[in-house]
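**Q** got a predicted structure here, sequence first:
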Amino acid sequence: QVQLVESGGGLVQPGGSLRLSCVLSGRTFSSYDVAWFRQAPGKERQFVAAISRSAGRTTYADSAQGRFTISRDNAKNTVYLQMNNLKPEDTAVYSCAASSAVLRINAFDYRYWGQGTQVTVSS
């Protein structure tokens, strides 16, 4: 059974930064591509970024491009999302997800999900 646990969320002022972490356990971490999604209250879940199992490829939503960076450390079974220049519209619950498929951006392609971590951007 694959388990994912996110951490690193919190309250930050506009323009600030946060780094989210996602730890995968239960299976071989390097067998999965991992993505971050987010969901704000009353809105649909939204793709943020994904990274391939080898860390050689990444893809970002337009809203994340240039501000967010996804990375992974296979030795630590961890994927990171560095978020800079945060805006109030980035406020959401951020969840990581794992897939055996290659670098997908649709939530239904991801079989395993974490519980999420709240990110609030407010002054």
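**A** Ah, there it is.
**Q** you'd agree T78 is up against R19?
**A** No: contact between T78 and R19 fails when scored by C-beta atoms under 8 Å: they sit 10.9 Å apart. For every residue, glycine as well, the C-beta is placed using N, CA and C.
**Q** higher neighbour count, the two?
**A** Per other C-beta atoms under 10 Å, whichever of T78 and R19 has more neighbours is T78, with 18 against 13.
**Q** shouldn't A98 be in contact with S30?
**A** No: counting by C-beta under 8 Å, A98 does not reach S30; the two are 11.1 Å apart.
**Q** I105: what's it in contact with?
**A** A35, F47, A50, T59, A61 (C-beta atoms under 8 Å, 6 or more residues apart in numbering).
**Q** so the residue found closest to the fourth one once you drop the neighbours it is linked to in the chain: helix, strand or coil?
**A** The reference is to T59. Of all residues not flanking T59 in the chain, A50 sits nearest, at 5.2 Å (C-beta to C-beta, 6 or more residues apart in numbering). Using DSSP: H, G, I helix; E, B strand; the rest coil, the secondary structure recorded for A50 is strand.
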